[in-house]
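Asker: When you get a sec, could you give me coordinates for this:
(one chain, ligands or ions: 2)
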Amino acid sequence: MNSKPHYRQLLLIGLDGSGKTTLIKHFKRIEENSYEFYTSTPYINIEKVTLPFSNLPCVVYDLSGQGRYREGWSFFYPDVDGIFFVVDTSDRARLSVVQEVLFEIAKHPLLRTRSIPFVVLANKQDHPDRVEEDDIRKILQVDLLKGMTQMQFYVKNTIGRTGQGVSECFQMFEGRQ
Ligand SMILES: Nc1nc2c(ncn2[C@@H]2O[C@H](COP(=O)(O)OP(=O)(O)OP(=O)(O)O)[C@@H](O)[C@H]2O)c(=O)[nH]1
Ligand SMILES: [Mg+2]
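Answerer: Ligands and ions are numbered 1, 2, ... in the order given. Presented below is the predicted three-dimensional model:
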């Protein structure tokens, strides 16, 4: 008997303009037309991909990061198998907003007790104004965040325009770090 494939679920979030939709282009797609079974809107972009290390199918929810849509992120929290949180490391003015948003996520009742991987993608590392990974960890208070949640926190440098670092993020997601 044919059973439906079990899809892993990955949530791709972060402030608007951080590079989520750019990064997802470097995830390995299962089919050219990922929209067969799902509806995408400008606020939710859904792609079916293959996980690079385990070859398992995965649905990625790429959610808009604009302020008025952020509350909608929590709808996905109970079922996701991991979260990629994208940070624009060249947007220095908004790193304090990122930090606040990360704290809200870490203490969110639907996530606090979930032991899933949470990968911070320190994106736009090609940008001349980028903040380096060590400073990102300090500004975002990653050590404090780690103590607030059962999620496994990681920080990984990425470049959305080239896909650099994406593979390492999937290593974290697939528990192969
Ligand atoms: N220099 C540089 N630019 C990037 C990088 N990643 C994304 N960008 C640019 O950042 C801008 C915003 O990228 P998007 O992928 O649309 O951002 P998003 O996170 O999907 O934004 P929302 O959908 O509004 O939440 C685009 O102009 C991208 O080309 C990167 O690694 N380096
Ligand atoms: Mg987008």
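Asker: low-confidence ranges in this protein?
Answerer: 1-5, 31-42, 177 (pLDDT under 70).
Asker: what does it put close to ligand 2?
Answerer: Contact residues, the chain versus ligand 2 (CB under 5 Å from the ion): 20, 21. Just so you know, the C-beta spots here come from the backbone N, C-alpha and C atoms, and that holds for glycine as well.
Asker: can you give me the helices for the chain?
Answerer: Assigned by DSSP state H, the helices in the chain fall at 20-23, 95-106, 133-139, 142-148, 166-173.
Asker: of all of the protein, which residue lies closest to ligand 2?
Answerer: Distances between the chain and ligand 2 by CB to the ion are smallest at residue 21, namely 3.3 Å.
Asker: for the closest residue to residue 53 other than its chain neighbours, what are its contacts?
Answerer: Leaving out its chain neighbours, the residue that sits closest to residue 53 by CB to CB, 6 or more residues apart in numbering is residue 174, at 4.7 Å. The contact partners of residue 174, taken as CB atoms under 8 Å, 6 or more residues apart in numbering, are 51, 52, 53, 54.
Asker: can you rerun that using 7 Å?
Answerer: Residues in contact with residue 174 (CB atoms under 7 Å, 6 or more residues apart in numbering) are 51, 53, 54.
Asker: same question, residue 128
Answerer: Taking CB under 7 Å, 6+ apart as the definition, residue 128 has no contacts.
Asker: Kindly provide the distance from residue 135 to residue 141.
Answerer: 12 Å (CB to CB, to the nearest Å).
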